[in-house]
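Trainee: Got a predicted structure plus its sequence, pasted below:
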Amino acid sequence: MKSKSTSAYLRFIHLAKAIKEVPLLPGLEPVEEKILEIIADAHVTKARLSVKDLMNKSELGSPAMLHGRLQSMREKGWIVMAQTEDARRKQLELTSASLQHFEKLSKIMSKAVKASDK
């Protein structure tokens with residue numbers, strides 16, 4: 001007989017496996033996916049995330065490397081840099097393509113949850 005904590009952990013493993021099976025975003029390298037997840041988290045929490053805010057996350061790499069990655073992600077259509085009241089600050093936002101990708105992940109997660117409930 002499974003305890004509630006064992007059952008929850010087994011469901012978590014099933015869900016994690018479902019996400020791992022989703023291919024990387026087309027054209028994005030792992031560090032770019034991490035950047036996109038940070039921007040998505042800000043989107044969900046309705047927090048403002050500027051380029052400077054992202055630069056303060058040293059685990060992502062040097063500012064020069066991050067600028068290059070952000071430019072690449074813009075060119076690939078995953079993010080936009082929106083103007084703010086201060087012309088020197090750019091706000092990082094998701095594009096419709098990235099929102100569609102996260103919607104696809106949500107559907108996969110929902111399907112995995114339903115499968116693990118059986």
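Mentor: Structure's in. What do you need?

Trainee: Find the least confident helix or strand in the protein, judged by mean pLDDT.
Mentor: Least confident helix or strand of the chain, by mean pLDDT, DSSP states H and E, is helix 4-20 with a mean of 74.

Trainee: Against which helices or strands is it packed?
Mentor: Secondary-structure packing of helix 4-20 (3 or more C-beta pairs under 8 Å, 6 or more residues apart in numbering; DSSP states H and E): helix 96-117. All C-beta atoms are positioned from the backbone trio N, CA, C, and that covers glycine.

Trainee: Contacts for the helix it packs on next, please.
Mentor: Identification of contacts with helix 96-117 by C-beta atoms under 8 Å, 6 or more residues apart in numbering yields 10-11, 14-15, 17-19, 22, 25, 36, 39-40, 77-79, 94.

Trainee: Please point out which parts of it sit buried.
Mentor: Of the residues in helix 96-117, 98, 101-102, 112, 116 count as buried by neighbour count, 16 or more other C-beta atoms under 10 Å.

Trainee: Taking their axis directions, it and helix 4-20 sit at what angle?
Mentor: 140 degrees (axes from the mean of the first three to the mean of the last three C-alpha atoms, to 10 degrees).

Trainee: picking up where we left off before, which of the contacts of helix 96-117 lies closest to residue 58?
Mentor: Distance to residue 58 across the contacts of helix 96-117 (C-beta to C-beta) is lowest for residue 39, with 17.2 Å.

Trainee: so which strand or helix has the closest one?
Mentor: helix 30-44 (DSSP states H and E).
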